[in-house]
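Trainee: here is a sequence together with a model predicted from it:
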Amino acid sequence: MEERPFNDTSYEQFLKERKIMGSKCKKCGALALPPRPICVSCFGTEMDWVQFKGTGRLSAFTSIVVAPPYMAKEGFSRNNPYVVGVVELDEGVKTVARIVGVDAKKPEEIKVGTPLKTELLERGEGPDKKAVLAFKP
Amino acid sequence: MPQRRKLSKGVAVVGGGLTKLGLFKDRNSKDFFAEAFVEMVESVDKGFDPKEIDAIYVGNFSNDFFVNQAHWGPIISDLLGLVPKPVTRTEGACASSALAFREGVLAIASGLYDIVLVGGFEQMSRRTTEEVAEGLAMAASPYEVATGYTFPGVFGAMATAYFAKYGADREALFNVTIKSHNNAPLNPKAQFPMTIQDFMNARIERCRAKGEPIPEWKDEKDFLRDPGANPPVAWPMHLFDCCPISDGASCLLLVAEEIAKNFTDDPVYLAGMGQGSGYSLHAKKDLTTYEATRYAAKEAYEMSGLTPKDIQFSEVHDCFSIAEIVHMEDLGFFKPGEAYKAVAEGLSRLDGPMPINTSGGLKTKGHPVGATGVAQLYEVWVQLRGKARKRQVPKPNLRIGAAHNLGGTGGTCTFTILERR
């Protein structure tokens, strides 16, 4: 695992393996998710892999009614909206993710600050199959 | 923090042009740019020979996608009869032409050129709404798109963070929409020159004509609360929180300060400008500010020696209602968490102490993305010269105005201060 480059492709591969993996700067300890090859805090380039627990809180969200074509293919539409959000993980970094287990038709009832845990989803089939990071209350 | 930056040479705006904005499927980008250019040439008080233009910078976000044509620079120089003068296209999503303006300024300030045409254009109406949304999403961050975010979705998420932090709600956004639409009928170039009351009346008329039940709204906010009239797009963004899809073009003539009086007795000068870049949503430290805007503003204030209090009116990038509120704070016009209250109190109205988006803003004027940055500066130029007619800022001694332009979901931001001396 240490051999993988600190980039988006490795992040996605790990996600398929059901792990949320980011980078930790060897020099200053700054965390990044997805992993970064260059530390934005100290410009260090030596990284370690770090696995995130996958628990956190909702920092921001939206319920999308007008869906882009690739989400429409998954069956989302005006009558079937979906929620995406920004989640602040317990380790202190944020990530964007789908939010499930909430009522997308009643966004006024979803609360910023709600504690969340990981729920990985899958998109596509065969070799194109991708893991999609999601969280639920 | 940015160092104090100075230009080696002053730059003045001596001419400007802007098309009527809207959806014009039977016209193309060349038609739009020609229209804006002709207005610009006619606007130069003492006249000038377009052959004297040394170079052109044009902003365009994505005609490559919208009309399947790239390499727009020489199409424009050919159109204007300016071949073989150099032409450069700039791209910064919805801030594309603010970057063209900036490049034009830098080219003059460096001493390389004396007379530069800057402008922008976009042709969005040939695509369906879904395709335009997909095209615009190319300017979001790859992480946002992979997660399923749309443009309105990113701004909607920021709105929920702002609401949670400061106790604001959707009603606060209504105030922005109502204010912008009050300015719209005063701008003959606006795509939707209608107040919210006009929309209400039009809808009532339509129901009456069709024999449908007549809706009864108490007031404008009641109309905006009605999901039938103002349907959701991406919570809490509804239709009337979002700017439209538009076609159009804009341009300005920039010249070296020392020759400005050859073109007009009433030039408008560049006082300061800044540009910044920003993180994707997930990497932002604070979801209720735009770091790119703050950086651009600091640079512009320091270059000009001015403070937010000196700015007498401003165009502010309002692609979505929440963006106007957050940027009013990031630009220093109001303290964090205070702008939504200021809008509610009417402080940003045309006749208020700090008029914001006298043009009607992107929401009502229209947002042909590549044209917008220069279109905003066109409004500031028109206002400073006292030629905004019905929407003229009613302040004595109007001298300093500004324009803020945002690209993507905040990845590129500019702030430009103009002054009349």
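Mentor: Now that the structure is in, tell me what you want to look at.

Trainee: does any part of stretch B:243-251 sit near chain A?
Mentor: No - residues of stretch B:243-251 contacting chain A under C-beta under 8 Å from any C-beta of the partner chain: none, with a closest distance of 12.5 Å. No exception for glycine: its C-beta is placed from N, CA and C like everyone else's.

Trainee: please save the CA atoms from that stretch in CSV.
Mentor: Provided in CSV are the C-alpha atoms of stretch B:243-251 (Å, rounded to 0.1, in the frame of the first residue of the first chain):
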residue,chain,number,x,y,z
CYS,B,243,-29.0,33.8,-12.8
PRO,B,244,-30.3,32.9,-16.2
ILE,B,245,-28.5,31.4,-19.3
SER,B,246,-27.6,34.3,-21.6
ASP,B,247,-25.9,35.4,-24.8
GLY,B,248,-24.0,38.6,-25.2
ALA,B,249,-20.7,40.5,-25.5
SER,B,250,-19.0,43.4,-23.8
CYS,B,251,-15.9,45.5,-24.5
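
Trainee: for residue B:371, see how far away the closest residue to residue B:360 other than its chain neighbours is.
Mentor: Spatially, and ignoring its direct neighbours in sequence, residue B:360 is nearest to residue B:184 (3.8 Å; C-beta to C-beta, 6 or more residues apart in numbering or on different chains). Separation of residue B:184 from residue B:371 (C-beta to C-beta, to the nearest Å): 17 Å.

Trainee: what is the neighbour count of the residue nearest to residue B:360?
Mentor: Other residues near residue B:184 come to 24 when the count uses other C-beta atoms under 10 Å in any protein chain shown.

Trainee: that one touches residue B:199, doesn't it?
Mentor: No - under the contact definition of C-beta atoms under 8 Å, residue B:184 does not touch residue B:199, with a separation of 10.4 Å.

Trainee: show me the shaky parts of the chain.
Mentor: Using chain A here. Residue ranges of chain A with pLDDT under 70: A:1-2.

Trainee: switch to chain B, please.
Mentor: Checking chain B against pLDDT under 70 turns up B:1-3.

Trainee: how about the residues of it by chain A?
Mentor: Looking at chain A, the residues of chain B close enough under C-beta under 8 Å from any C-beta are B:130, B:133-134, B:137, B:142-145, B:147-150, B:152-154, B:156-158, B:160-161, B:163-164, B:231-237, B:280-284, B:287.

Trainee: what element comes up after the lengthiest strand in chain A heading to the C-terminus?
Mentor: Identified as the longest strand of chain A according to DSSP state E is strand A:55-64. Following strand A:55-64 in sequence order, the next helix or strand is helix A:69-72 (DSSP states H and E).

Trainee: check the secondary structure at the residue nearest to residue B:360 for me.
Mentor: Recorded secondary structure, residue B:184: helix (DSSP: H, G, I helix; E, B strand; the rest coil).

Trainee: so how far is chain A from it?
Mentor: 23 Å (C-beta to the nearest C-beta, to the nearest Å).

Trainee: got the phi and psi for residue B:345?
Mentor: phi -80, psi 0 (degrees, to the nearest 10).

Trainee: from chain A, how far out is it?
Mentor: Going from residue B:345 to chain A by C-beta to the nearest C-beta gives 25 Å.

Trainee: and what of residue B:45?
Mentor: For residue B:45, the distance to chain A - C-beta to the nearest C-beta - is 46 Å.

Trainee: residue B:327 - that's part of a strand, no?
Mentor: No - membership of residue B:327 in a strand is not supported by three-state DSSP, which gives helix.

Trainee: how about stretch B:52-62: buried residues?
Mentor: Neighbour counts over stretch B:52-62 (16 or more other C-beta atoms under 10 Å in any protein chain shown) mark B:53-62 as buried.

Trainee: distance to residue B:69 and secondary structure added to the residues you listed, as TSV?
Mentor: Formatted as TSV, the buried residues of stretch B:52-62 follow (distance: C-beta to C-beta, whole Å; DSSP: H, G, I helix; E, B strand; the rest coil):
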residue	distance to residue B:69	secondary structure
B:53	23	coil
B:54	26	coil
B:55	22	strand
B:56	17	strand
B:57	19	strand
B:58	13	strand
B:59	15	strand
B:60	10	coil
B:61	13	coil
B:62	11	coil
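
Trainee: which members of those are the farthest-apart pair?
Mentor: The distance between the two most remote of these (C-beta to C-beta) is 27.6 Å, for B:54 and B:62.

Trainee: domain ranges for chain A?
Mentor: According to automatic domain parsing, chain A is divided into the following domains: A:8-51, A:55-136.

Trainee: count of neighbours near the closest residue to residue B:346 other than its chain neighbours?
Mentor: Nearest residue to residue B:346, sequence neighbours excluded (C-beta to C-beta, 6+ apart): residue B:352, at 5.3 Å. Close neighbours of residue B:352, defined as other C-beta under 10 Å, add up to 17.

Trainee: perfect, I'm done here.
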